[in-house]
Every structure is written in C-alpha cells, then in structure tokens.
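Engineer: What shape does this take:
(one chain, ligands or ions: 1)
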Amino acid sequence: MGNSVGQNSLGIPQGKGPHQVGCTDLMVGHTLQGIFFRLYYPCQAVEDSDEPNWIPCREYFNGLADFMKMGRALSERIFNYLFGSFKIPAAWNASFKADGQYPVIIFSHGLGAFRTLYSAICVELASQGFIVAAVEHRDESASATFYYKERCETQKSHCTSRKTFQPVSDNLVEEWMYYRALKTDESEFLLRNNQVKQRADECIQALDLLVDINSGKSVQNTLRSDFDWSKLKNCMDLCRIAVMGHSFGGATVIECLCKEVRFKCGVALDTWMFPLDEVIFPGVKQPIFFINSEKFQWAGNIMRMKKLDSALIPRKMITIKGAVHQSFPDFTFLTGNWIGKLLKLKGEIDPHVAMDLCNRASLAFLQRHLSLARDFNQWDHLIDGKDDHLIPGTNITLLQSSI
Ligand SMILES: CCN(CC)CCN(C[C@]12C[C@](c3ccc(C(F)(F)F)cc3)(C1)C2)C(=O)Cn1c(SCc2ccc(F)cc2)nc(=O)c2c1C=CC2
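Structural biologist: Residues are numbered from 1 along each chain as shown. As a prediction, the model looks like this:
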C-alpha cells in the first residue's frame, strides 16, 4: 500500500481513518447523458492490493495539455514523466465492507480537472467511513472524459484503437470529449452558468443511482468490471448525504443544494462563485462550509459568498494561510518543492498540513450537520478557524471595493 521512504517521499497520502479504502469506476448509460463516477469506499481488508493509476490513461494528459494551452505531443511526455507512475492509495475493485450504513458524499471536480484528481480528499473521507462518488462531468469543463457510441453496421468489427476500459459489449466504441475553452465572442457567464446547471444535474443523477443501488437494483455498468455492487444494498445512510467540490465544483455545491434537498449540507473548497446566478441564493437552505486558500480569493468572489451569509442557517468560512488554489487537488503532493512552487501547485504551507486541516475541518462540519456519531467534533475548533494556520472567515478586506 504505497511506500513512504521518508517524510519527503512524493505520493498521494494514505487515508488516516479506521477503514481500508477501495475504489472502482461506474458508468451507467454509455452516452454523454449517462453518469460516470469513481467510487471510494470502506473495503474489506486486502493483502497486497492492486492500486489503480492516478491518471487512468494518456488521453487525460492530452486533455490537460489542451487545458493548459500547451502542445499535446511534448506535454503528454512531460506529464507522463512527471505523473505517469503515481497510484491512488486504495485497493482497486476491493470487496465493499458491508458494516452498517455509511453517510454519502458526492464530489465535484474543478475546471480542467476530472474524477481522479482529488483522491487525497476522497480516500481520507472513505477511510473515515464515508461512501464518496467523485463524478466526472460531461459539460466540457473536464480536461477529458470518455463515453461510448454504438458501432453502426458499416463500421469494421475489428477495433484497432487501444481501449481505456473494456466496454461491456463489443458494439460500443470509445469516444473522448475534451476541455472546451471559451470562444472569443462567447459570454463566459452564459457558458459557465449552463455548465454549473448541468454539473448539478449530474451530481443529482449520481445520487439517484446510489439510491437505486442501495435499494438493491441491479447495476448495468458500461465498464467491464468484476466489482460486486449488490454488496452495497442497504449500506448507505440516505438521511446523511452531503455534496462537496473544488472551485467550479464549489459553485456546483451551491447549485446542488438549491436543487436537491436530499443534500443536507455542502463543503465548498476555494469556490469560484462566478458561474452562479445570485437569484438562486435565497433558495439555498442548507448549511455551507467555505474552505478557502489565501491566494485564490478576491473581493468580488468573497462578496458573493457573503451573500449566502445567514443568521438562521449555519454558514461558515475559513481561510488556510499559505495555501494556494492547487493545495486541494492531488498535484500538490506530486512534485518537489521547487517545481511545485514554480507551477503554483504548492503554497508556503506544507501540503500535508493544509490537506489535514481541510479534511479535519470538513469532517467536523459533516459530523455537526449530518448528526454523525463519530469523534470528528474533536476538530470543531477548526470550523471557527482556531489554528495557527487558519484565519476565521477571510483575509480579503471587503471595504476596499465598494463595487
Ligand atoms: C491557462 C489555463 N487557464 C484555463 C482557464 C487557467 C488554468 N487554471 C490554473 C491552473 C490549473 C493549473 C495547473 C494544473 C496542473 C499542472 C500540472 F503541471 F501539475 F499538471 C499545472 C498547473 C493551471 C493551475 C485554472 O483554471 C484554475 N482553476 C481550476 S484548476 C482545477 C484543476 C485543473 C486541472 C488539474 F490538473 C488540477 C486542478 N479549477 C477551477 O474550477 C477554476 C480555476 C480558475 C477558475 C475556476
């Protein structure tokens, strides 16, 4: 389960909770209208577990290159060299540990990201006894995502292209959707607002699918896998469901809370508020926890978060000192300090310290608003920003800008 040669070994940190973590992929509906997520869950103890690659296949590197406006050929080699061998510290397709009912979290990735890039957060939550579904959005905001088309009769039956995952049936052909940049004459708000609405719908679809699985419905996984989904029957606590996300995924949290009352609370990491239409804010009735980095925020963004402040509904905000926008995705653990700081993948704060604060504060907030019977309340002080590395609320002074 991963090798830590010393403090400074690179790699995504293991979960710190009592449960061993498994992960598996589920795609139901093979088209773009289907749902696709990576599930992180408490699994039965396994010996030498097979850990999945952090980047599932090279098309994701191509998508990252597009997103970063770099050429594909060179950057695929650079990304592969830098990140190609990292694993997710979880047991691939390990048997689910049916041991009571677990609370559920739906996780939404940021612009240009995809379902595996927040594994440090998802693995930690699963190790602490959550079932976490990290959706892969098909709104063209992901660096890359794949789906399938039915092979029409005329197409050759032999398939030459390498396949990422074996589809469940041979008449399905793998297709890729890559990140779509804003067009010059296009309204960014219209694009991002339409995307955040689709993203919320996809999170709700994922929740509906988990509800079906919990009721024992059989699962038609488009991806060939021997994972036994029937073990999850009656193992999800459907009164304890939260939604979580980073940046664009943080905006997706707000949109989800407004649309779906089954989400009892939201944890929004370094939220990008721009895609949201403020008209929905009064419709959001659930508790929200804004966990921000010191470097990503600006007055206009914070002011929009403040519009969600409420005397009646718990709305909390903390800022992690020395953290940057990339302190939340996994990249922050995967390069040395020098490159990390150069590429703004690391801030001044140690990435492990920042991630521990974010995860512990989130767990305390989730315990409080999902009424969990765990010991996460030991970190309640973090919700109020009581730590040397935290600021209660924000470091942005809002008086500067009257606009
Ligand atoms: C010039 C490109 N321009 C695109 C609009 C801005 C690109 N950008 C800053 C980046 C992502 C960065 C990054 C990644 C990965 C390496 C690598 F080298 F490690 F691979 C390096 C450098 C480049 C830091 C962001 O978009 C920031 N951001 C993000 S970053 C989410 C993400 C994406 C890809 C990842 F691999 C990991 C995390 N999610 C959001 O929801 C929002 C924003 C901004 C507003 C809303």
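
Engineer: and the longest helix for the protein?
Structural biologist: If you go by DSSP state H, the chain has its longest helix at helix 188-214.

Engineer: buried set for the helix or strand that it is followed by?
Structural biologist: Note on helix 188-214: by DSSP states H and E, the next helix or strand toward the C-terminus is strand 236-246. Neighbour-count burial for strand 236-246 flags Met236, Asp237, Arg240, Ile241, Ala242, Val243, Met244, Gly245, His246 (criterion: 16 or more other C-beta atoms under 10 Å). (C-beta placed from N, C-alpha, C; glycine too.)

Engineer: And those, which is closest to the ligand?
Structural biologist: His246 (6.7 Å; C-beta to the nearest ligand atom).

Engineer: Pretty sure that closest one sits against His109.
Structural biologist: Yes: applying C-beta atoms under 8 Å as the test, His246 and His109 come out as touching, 6.6 Å apart.

Engineer: so what sits against both of the two?
Structural biologist: Residues touching both His246 and His109 (C-beta atoms under 8 Å, 6 or more residues apart in numbering): Tyr118.

Engineer: one step back: on contacts alone, who are the packing partners of the longest helix of the chain?
Structural biologist: On a contact count with 3 or more C-beta pairs under 8 Å, 6 or more residues apart in numbering; DSSP states H and E, helix 188-214 meets strand 35-43, strand 102-108, strand 131-135, strand 236-246, helix 248-259.

Engineer: Could you single out the nearest of the buried residues of strand 236-246 to Thr184?
Structural biologist: For those, the residue nearest Thr184 by C-beta to C-beta is His246; the value is 27.4 Å.

Engineer: Which per-residue confidence value corresponds to the closest one?
Structural biologist: His246 is assigned 99 on the pLDDT scale.

Engineer: Same check on Cys152?
Structural biologist: Residue-level pLDDT assigned to Cys152 equals 81.

Engineer: And for Phe130?
Structural biologist: On the pLDDT scale, Phe130 is placed at 98.

Engineer: How about Trp92?
Structural biologist: Confidence at Trp92, expressed as pLDDT, is 97.

Engineer: The stretch 51-200 of the chain against the ligand: which residues are in contact?
Structural biologist: Residues of the stretch 51-200 of the chain found near the ligand (C-beta under 6 Å from any ligand atom) are Leu64, Phe67, Met68, Lys69, Gly110, Leu111, Gly112, Ala113, Leu117.

Engineer: just curious, which of those is nearest to Trp338?
Structural biologist: Nearest to Trp338 among these: Met68, at 19.1 Å, using C-beta to C-beta.

Engineer: wait, the closest one sits on Ser75?
Structural biologist: Yes: Met68 is in contact with Ser75 according to C-beta under 8 Å; the separation is 7.0 Å.

Engineer: Which of those two has more residues huddled nearby?
Structural biologist: It is Ser75, of Met68 and Ser75, that has more neighbours when counted by other C-beta atoms under 10 Å, with 18 against 14.

Engineer: State the three-state secondary structure for that one.
Structural biologist: With DSSP: H, G, I helix; E, B strand; the rest coil as the basis, the three-state label of Ser75 is helix.

Engineer: tell me the contacts of it?
Structural biologist: Taking C-beta under 8 Å, 6+ apart, we find Ser75 in contact with Phe61, Leu64, Ala65, Met68.

Engineer: chain center to stretch 271-281, what's the gap?
Structural biologist: 19 Å (C-alpha atoms, centre = their mean, to the nearest Å).

Engineer: start to end distance for it?
Structural biologist: Criterion C-alpha to C-alpha, to the nearest Å; first-to-last residue distance in stretch 271-281 is 15 Å.

Engineer: ok, now stretch 297-315?
Structural biologist: End-to-end for stretch 297-315, by C-alpha to C-alpha: 18 Å.

Engineer: tell me the contacts of Ile204?
Structural biologist: Residues in contact with Ile204 (C-beta under 8 Å, 6+ apart) are Cys256, Lys259, Glu260.

Engineer: Chain neighbours aside, what residue packs nearest to Glu188?
Structural biologist: Leu182 (5.3 Å; C-beta to C-beta, 6 or more residues apart in numbering).

Engineer: The one you found: how many residues sit nearby?
Structural biologist: That count, for Leu182 with other C-beta under 10 Å as the rule, works out to 10.

Engineer: same check, this time on Ala200
Structural biologist: By other C-beta under 10 Å, neighbour count at Ala200 equals 24.

Engineer: isn't it right up against Cys256?
Structural biologist: Yes: contact criterion C-beta under 8 Å: Ala200 and Cys256 qualify, at 4.7 Å.

Engineer: Could you pull out the helices in the stretch 301-403 of the chain for me?
Structural biologist: Secondary structure of the stretch 301-403 of the chain by DSSP state H, counting those that start in this stretch: the helices cover 337-342, 351-370, 380-383.

Engineer: Show me what counts as buried in the helix-or-strand element of the chain with minimal mean pLDDT.
Structural biologist: For the chain, counting by mean pLDDT, DSSP states H and E, helix 72-83 ranks last in confidence among helices and strands (a mean of 91). Residues of helix 72-83 classed as buried by neighbour count (16+ other C-beta under 10 Å): Ser75, Glu76, Phe79, Leu82, Phe83.

Engineer: which residues does Ser243 contact?
Structural biologist: Actually, residue 243 is Val rather than Ser. For Val243, the contacting residues are 105-108, 203, 252-253, 256-257, 260, 263, 266-267, by C-beta under 8 Å, 6+ apart.
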